[in-house]
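In: The sequence isn't on hand, but the structure is:
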């Protein structure tokens, strides 16, 4: 002690205080969403700054809407976003596991173990945990549709729209499998699946469309057709209205003859445009939204209606690429370029009315479909519709995870209990700080089955004890069955999840905890304008 100065002791104490402050802040974030884990988890009602109300139990959604100020707590928010990007599911689990690991870190630090030693031991445990999961995983074939639907069902069981999983799960599986080659695919571009939300009806009315859907009806103000067979579709990016001056100029006409001539010229100009469109053989016209001037006017709609052309207006610029891939058409930027070879084909195009009277335009029987799919999602109100959209995205991410790594593990906390059992067994053969840290890591893994049981109103200590017993006897598929309130074989109950979700959650939570552990000071840099 004689060699240590007061300044050195003060520096060590400051580092310890900062570290414990960071751990407490990050644990608070994890505790906030812990009650949302599992099929019996609670939902969070959030009122955002602009007055918007949001209901969700998705970890990434809840954390992204929270205003977190502490820098260490923000790391957990970013970790949840990373899990959402990598796997799409397990965003709540990754935070709960990180919170349990931080709890274990606090105990180890209080025993006098150095933070670097804890961080190194935890990284070794994460690598060993991944090997344990790979050993317990079962291979899955993308041709096994029932197996994929079971994995998606497990994901949706904890969502607000979990009761609609029998509709949403097959939609998610078929949508993803429809845009890839199951034999050779190693990833999925989910931008190839377009989700169109339509308020009205219930989630059970949702459907997968092998074609294209717009969430509004066709323009019929001029009496145009609403149903077209053997459709030839043109997507135009020029305006069907009279040209305007480039700058904000006004043309003052005081002579009636001149005014009449201007109106005749305008009518002739628009009629020529419509004739060029009709000459190409087009009978369905998609008009891109314009910000410079009116993309269409009532006169152009009148001419198109007389020519028997169905018109869909206000196509967003961001949707043009998806429409062209789906319909095999090419966008047309000038009236002189409207030719038959630039048109798309579809068996039928028409307005379809929903239960609430809202109409959508549906394109079916596409002649040369690209690798795209459209999901028409319905819901009784905006809150349900937004949550159904987020849940469907997560469901499709689960299928994507199985495409990237074609293995499944048992759900219901079985994977985490298998890790805990494997690490606890390995710790018996270790000595020194590694043994302490490995045992603490193993106990932290059991927070998932503990929380699942706790949120379901079961006795968590009894459930975790029974799980330990089952895994010690070699039943690595045993997990928490929250519906029957007991420990059962998860594979037998078809409660499975992608291996990538579990391995990603373990890796991300461990890396984040180790990063928080290695921070010993917090510097606030003042803003100088």
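Out: Ah, there it is. A quick note: this is a predicted structure, and the numbers were derived from the prediction, not measured.

In: close enough to count as contact, residue 124 and residue 434?
Out: Yes: Residue 124 lies in contact with residue 434 (Cβ atoms under 8 Å); the separation is 7.4 Å. (Each C-beta comes from the backbone N, C-alpha and C, glycine too.)

In: intersection of neighbour lists for these two?
Out: Common neighbours of residue 124 and residue 434, using Cβ atoms under 8 Å, 6 or more residues apart in numbering, do not exist here.

In: quick one: the helices in the stretch 1-150 of the chain?
Out: 6-34, 59-65, 71-86, 91-110, 115-136, 145-156 (DSSP state H, counting those that start in this stretch).

In: Turn the ones you listed into JSON lines, including mean neighbour count, distance to residue 501 and mean pLDDT.
Out: Below are the helices of the stretch 1-150 of the chain laid out as JSON lines (neighbours: other Cβ atoms under 10 Å; distance: least, Cβ to Cβ, whole Å; pLDDT from 0 to 100):
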{"stretch": "helix 6-34", "mean neighbour count": "16", "distance to residue 501": "17", "mean pLDDT": "76"}
{"stretch": "helix 59-65", "mean neighbour count": "23", "distance to residue 501": "12", "mean pLDDT": "85"}
{"stretch": "helix 71-86", "mean neighbour count": "21", "distance to residue 501": "8", "mean pLDDT": "89"}
{"stretch": "helix 91-110", "mean neighbour count": "24", "distance to residue 501": "8", "mean pLDDT": "91"}
{"stretch": "helix 115-136", "mean neighbour count": "18", "distance to residue 501": "10", "mean pLDDT": "92"}
{"stretch": "helix 145-156", "mean neighbour count": "22", "distance to residue 501": "8", "mean pLDDT": "88"}
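
In: Let me have those helices in CSV, extended by distance to residue 253.
Out: Shown next, in CSV, are the helices of the stretch 1-150 of the chain (distance: least, Cβ to Cβ, whole Å):
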stretch, distance to residue 253
helix 6-34, 66
helix 59-65, 55
helix 71-86, 59
helix 91-110, 63
helix 115-136, 77
helix 145-156, 63
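
In: Just tell me which of these ends up closest to residue 291.
Out: With Cβ to Cβ as the measure, helix 59-65 is the member of the helices of the stretch 1-150 of the chain nearest residue 291 (30.0 Å).

In: Which other helices and strands does the closest one contact?
Out: Packing partners of helix 59-65 (3 or more Cβ pairs under 8 Å, 6 or more residues apart in numbering; DSSP states H and E): helix 6-34, strand 44-47, strand 53-56, helix 71-86, helix 91-110.

In: Can you show me the helices along the stretch 201-350 of the chain?
Out: 256-279, 298-306, 320-327.

In: Using a markdown table, lay out those helices together with mean pLDDT, distance to residue 288 and mean neighbour count.
Out: Converted to a markdown table, these look like this (pLDDT from 0 to 100; distance: least, Cβ to Cβ, whole Å; neighbours: other Cβ atoms under 10 Å):
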| stretch | mean pLDDT | distance to residue 288 | mean neighbour count |
| --- | --- | --- | --- |
| helix 256-279 | 87 | 14 | 14 |
| helix 298-306 | 87 | 14 | 19 |
| helix 320-327 | 88 | 7 | 19 |
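
In: Out of these, flag the one nearest residue 173.
Out: helix 320-327 (19.9 Å).

In: residue ranges with poor pLDDT in the stretch 201-350 of the chain?
Out: 222, 245-248 (pLDDT under 70).

In: Would you check that residue 216 makes contact with residue 361?
Out: Yes: if you go by Cβ under 8 Å, residue 216 and residue 361 touch, sitting 7.2 Å apart.

In: Show me which of those two is the more surrounded one.
Out: residue 361 (21 against 15; other Cβ atoms under 10 Å).

In: can you pull out the helices in the stretch 401-529 of the chain?
Out: Under DSSP H, counting those that start in this stretch, the stretch 401-529 of the chain gives helices at 414-427, 432-445, 447-455, 460-472, 499-517.

In: and the last one, what other elements does it pack with?
Out: The helices and strands touching helix 499-517, judged by 3+ Cβ pairs under 8 Å, 6+ apart, are helix 6-34, helix 71-86, helix 91-110, helix 115-136, helix 382-404, strand 407-410, helix 414-427.

In: Ok, which of the helices of the stretch 1-150 of the chain comes nearest residue 191?
Out: Using Cβ to Cβ, the nearest of the helices of the stretch 1-150 of the chain to residue 191 is helix 71-86, at 13.8 Å.

In: so what's residue 195 bridging to?
Out: residue 375 (DSSP bridges).

In: and it, how many neighbours does it have?
Out: For residue 195, using other Cβ under 10 Å, the count is 19.

In: My guess is it contacts residue 373. True?
Out: No: Residue 195 is beyond contact range of residue 373, at 9.8 Å (criterion: Cβ under 8 Å).

In: shared neighbours, the two?
Out: With Cβ under 8 Å, 6+ apart, residue 195 and residue 373 have no common neighbours.

In: need the contact list for residue 378.
Out: 197, 198, 199, 200, 201, 202, 203, 205, 206, 354, 355, 385.

In: rerun at 6 Å
Out: Neighbouring residues of residue 378 by Cβ atoms under 6 Å, 6 or more residues apart in numbering: 198, 201, 205, 206.

In: thinking again about what came up before, residue 470: which of the helices and strands packed on helix 499-517 is closest?
Out: Of all the helices and strands packed on helix 499-517, helix 414-427 comes closest under Cβ to Cβ, at 8.1 Å.

In: in that closest one, what counts as buried?
Out: 414-424, 426-427 (16 or more other Cβ atoms under 10 Å).

In: go on, stretch 323-340?
Out: Applying 16+ other Cβ under 10 Å to stretch 323-340 flags 323, 324, 326, 327, 328, 329, 331, 332, 335, 338 as buried.

In: Which members of those are the farthest-apart pair?
Out: Spanning the widest gap among the buried residues of stretch 323-340 are 326 and 335, at 23.9 Å by Cβ to Cβ.

In: Distance check, residue 136 against residue 477.
Out: 8 Å (Cβ to Cβ, to the nearest Å).

In: ugh, wrong one, residue 521
Out: Residue 521 sits 46 Å away from residue 477, taking Cβ to Cβ as the criterion.

In: returning to what we had before: dump the helices and strands packed on helix 59-65 to a markdown table, plus distance to residue 305.
Out: Shown next, in a markdown table, are the helices and strands packed on helix 59-65 (distance: least, Cβ to Cβ, whole Å):
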| stretch | distance to residue 305 |
| --- | --- |
| helix 6-34 | 54 |
| strand 44-47 | 46 |
| strand 53-56 | 42 |
| helix 71-86 | 47 |
| helix 91-110 | 50 |
